[in-house]
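Enquirer: pasting the sequence and the predicted model now:
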Amino acid sequence: MSVRPPEATHVSSDVAEIERALSRIAYLSSRARQHDRLMALAEVPLDRAAVALLRQIDDSEPLRLGELADRLGVEASHVTRQVQQLQKAAYVSRVPDPDDRRAQRIQLTDAGREAIGRIRAVACRGMQGALAEWSPEDLRTLAELFHRMVDDFVAHVDEWAAEVERVAGPGPDGEDEAGGPGAAGPANRSGDDTPPGAGV
């Protein structure tokens, strides 16, 4: 059963322009060639899904596998597979959960921190070059508004998932219709291990 969220009765032209701009950014950042160029400059041989996972751990480490899956908007099995590969490459390690010794959390190793640091440095250099003509005030305003928008997106995704579950009810085997246990809303459920927005 597929449930669509209620359609908005009116969308302002400003919101439409923001959506159009974000679509362009998503396309540019998700191209395979762009990712390959970034990895070559950073000298880090990782795919987009692995980079997205390292970024998330770096921003909020350490986390349980389920928490990582929720934050990235993918199935837990995808994160488990990625963590296993990153652990073999010595980019992450498992540590006991201080709140539950039966559970484990995922944290970056020194090699993982170095890798994500190099990736971020290359990405930031490219962005700084593209925005070189912007004033410091404009850059500060953009950063503040972008963070505000992302926070609102995250809050809306949670509301959307709750609404879908309320309308559709639990699916087979206890899974909700939004894509599995604890689904975080609209996400990449097609079997592709690449989390949405993981291009850079």
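Expert: Noted; the coordinates are in hand. Numbering: from 1, shown residues only.
Enquirer: go through the helix or strand of the chain with the lowest mean pLDDT and flag the buried ones.
Expert: Ranked by mean pLDDT, DSSP states H and E, the weakest helix or strand in the chain is helix 136-168, scoring a mean of 85. Neighbour-count burial for helix 136-168 flags V157, A161, V164, E165 (criterion: 16 or more other C-beta atoms under 10 Å). Yep, even glycine has a C-beta here, placed from its N, CA and C like the rest.
Enquirer: next one: stretch 34-42
Expert: Within stretch 34-42, the residues that qualify as buried are Q34, H35, L38, M39, A42, counting by 16+ other C-beta under 10 Å.
Enquirer: quick one: contacts of that stretch?
Expert: With C-beta atoms under 8 Å, 6 or more residues apart in numbering as the test, stretch 34-42 has contacts from 28, 45-48, 51, 115, 118-119, 121-123, 126, 199-200.
Enquirer: tell me the one of the residues you listed nearest E144?
Expert: When the contacts of stretch 34-42 are compared for distance to E144 (C-beta to C-beta), A123 comes out closest, at 19.7 Å.
Enquirer: same for the host helix or strand of the closest one, what does it pack against?
Expert: Mapping A123 onto the secondary structure by DSSP states H and E places it in helix 110-130. Contact here means 3 or more C-beta pairs under 8 Å, 6 or more residues apart in numbering; DSSP states H and E; on that basis helix 110-130 packs against helix 32-42, helix 48-60.
Enquirer: report the rounded mean pLDDT for that helix.
Expert: Across helix 110-130, pLDDT averages out at 93.
Enquirer: just the angle between it and helix 48-60, please?
Expert: Using axes from the mean of the first three to the mean of the last three C-alpha atoms, to 10 degrees, the direction of helix 110-130 lies 100 degrees away from that of helix 48-60.
Enquirer: could you shift the numbering so residue one becomes 20, and keep it that way?
Expert: Let's use 20 as the start, then, which means that last one is helix 129-149.
Enquirer: buried stuff in helix 129-149?
Expert: Neighbour-count burial for helix 129-149, with 16+ other C-beta under 10 Å as criterion, is recorded at G131, R132, A134, I135, R137, I138, R139, V141, A142.
Enquirer: contacts for it next, please.
Expert: Judged by C-beta under 8 Å, 6+ apart, the contacts made with helix 129-149 from elsewhere in the structure are 57-58, 60-63, 65, 70, 73-74, 76-77, 105, 108-111, 127, 219.
Enquirer: any idea which residue is closest to the centre of this protein?
Expert: Within the chain, the residue whose C-alpha comes closest to the C-alpha centroid is L91; the distance, by C-alpha atoms, centre = their mean, is 4.1 Å.
Enquirer: surely that one meets V70?
Expert: No - under the contact definition of C-beta atoms under 8 Å, L91 does not touch V70, with a separation of 11.3 Å.
Enquirer: what pLDDT is listed against D212?
Expert: At D212 the predicted local distance difference test score is 38.
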